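# Requesting a structural model of the entry that follows:
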Amino acid sequence: MAIFNNLFSKEKEENLEKGLEKTKENVFKKISRAVAGKSKVDDEVLDNLEEVLISADVGVDTTLRIIERIEKRVATDKYFGVSELNNILKEEIATLLSENQTESNYEYSTSSGDPYVIMVVGVNGVGKTTTIGKLAYKFKLAGKQVVLGAADTFRAAAVDQLVIWSERVGVPIVKQGMGSDPASVAFDTLKSAKAQNADIAIIDTAGRLHNKINLMNELTKIKKVMQKIIPGAPHEILLVLDGSTGQNAFEQAKQFSIATEVSSLAITKLDGTAKGGVVIGISDQFKIPVKYIGIGEKMEDLQLFDKEKFVHSLFK
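Next up is the predicted model:
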């Protein structure tokens, strides 16, 4: 994690806490109501807690797993009261994330010396292009040379938005005309990145509905074309999900992971939702690491997902 130690060393924990404020307020208020007038953790308290977690979009399967763990602790500790519930819930969620979250690659380099290629996927409106811009900003701060590829050629707005980000960050972009073959754009991007001895190439792709088979075929084609320039590319397929969409984010993660080899996740817009529990559920249910979380509009507001800090901020 050498690169990201530099990238995120100045991040303040209070930024994360502020970004999770709505979720924190939503969860804690409901937990307080769930235990009101109770001294012991009984079936009613657990039922209420289950409802709280599901309403925060932790997901049914993950919620049941957490409740089951708490039930076991209640059964073995006769002194377990509602005053300990927050701490126990915090411990169990942290443990669950540690058990299920596989490690991401943070080296961003290839053994051949070729540019490290990231293909970014996701449906329209999730913050895909913004995430690419913020990533490019982070990499540039770390002294990396980045090239962007505007392979979402079906929407002029998508290309225009990426051009704006490239200018804002100060990194080159490869683009073609509206309606061009996305695979051709990806091909040209990698060719350009290689010629410039760039460290990282980030390819934007079309964000049409995840259940459209032609999109999935297109992603496969883009991958095959890229491998003609750089064997093994893309080295990472980053799926961007909108945390505020709750269960839709789960469904998109499921569909994209079936259709293409997603290797990392970015969950955006957590500052604007009370459903930040989606991070816990997706971390638990998919063997794909949550790598980044978006907690604001500023370029600095894309953070590396740190399991311990996330849970600590949620329950502080």
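# Would you map the strands across the stretch 151-300 of the chain?
Assigned by DSSP state E, counting those that start in this stretch, the strands in the stretch 151-300 of the chain fall at 173-174, 200-204, 236-242, 264-268, 290-294.
# any idea which of these is most buried?
Of all the strands of the stretch 151-300 of the chain, strand 200-204 carries the top mean neighbour count, a mean of 29, counting by mean count of other Cβ atoms under 10 Å. The way it works is simple: take the backbone N, C-alpha and C, and place the C-beta from them, glycine included.
# same question for that strand, mean pLDDT?
Across strand 200-204, pLDDT averages out at 97.
# Direction included, what does that strand pair against?
Strand pairing for strand 200-204, using DSSP bridges, gives strand 116-121 (parallel), strand 146-150 (parallel).
# contacting residues around that strand?
108, 115-120, 128-129, 132, 135-136, 139, 144-152, 158, 162, 185-186, 189-190, 193, 222, 226, 234 (Cβ atoms under 8 Å, 6 or more residues apart in numbering).
# That strand to strand 236-242, inter-axis angle?
Here strand 200-204 points in a direction 50 degrees away from that of strand 236-242 (axes from the mean of the first three to the mean of the last three Cα atoms, to 10 degrees).
# Quick one: distance of strand 200-204 to the chain centre.
Its chain's C-alpha centre lies 17 Å from the corresponding centre of strand 200-204 when counted by Cα atoms, centre = their mean, to the nearest Å.
# Next one: the residue nearest the centre of the chain from Pro231, what distance?
In the chain, the residue lying closest to the centroid (Cα atoms, centre = their mean) is Ala266, at 1.8 Å. Ala266 sits 26 Å away from Pro231, going by Cβ to Cβ, to the nearest Å.
# How about Met178?
Taking Cβ to Cβ as the measure, Met178 falls 31 Å from Pro231.
# pLDDT weak spots in the stretch 1-150 of the chain?
In the predicted model, the stretch 1-150 of the chain carries pLDDT under 70 at residues 1-14, 28-29, 78-80, 100-105.
# So which residues of it form helices?
Remark: helices assigned in the stretch 1-150 of the chain by DSSP state H, counting those that start in this stretch are 2-8, 13-19, 21-35, 43-55, 60-76, 85-100, 128-141.
# So which of these is nearest Lys254?
With Cβ to Cβ as the measure, helix 60-76 is the member of the helices of the stretch 1-150 of the chain nearest Lys254 (12.0 Å).
# Pull out the buried residues from the closest one.
Thr62, Thr63, Arg65, Ile66, Ile67, Arg69, Ile70, Val74 (16 or more other Cβ atoms under 10 Å).
# one step back: which of the helices of the stretch 1-150 of the chain is buried the deepest?
Of all these, helix 128-141 carries the top mean neighbour count, a mean of 23, counting by mean count of other Cβ under 10 Å.
# That helix to strand 236-242, inter-axis angle?
Helix 128-141 and strand 236-242 are oriented at 130 degrees to each other (the same axes, to 10 degrees).
# roughly how far is helix 128-141 from the heart of the chain?
Once both centres are worked out by Cα atoms, centre = their mean, helix 128-141 turns out to sit 13 Å from its chain's centre.
# contacts for that helix?
Under the contact criterion Cβ under 8 Å, 6+ apart, helix 128-141 has outside partners 3, 6-7, 108, 118, 120-122, 146, 148, 152, 158, 161-162, 165-166, 168-171, 199-200, 202, 204, 207, 238, 240, 266, 268, 292, 294, 299, 301-302.
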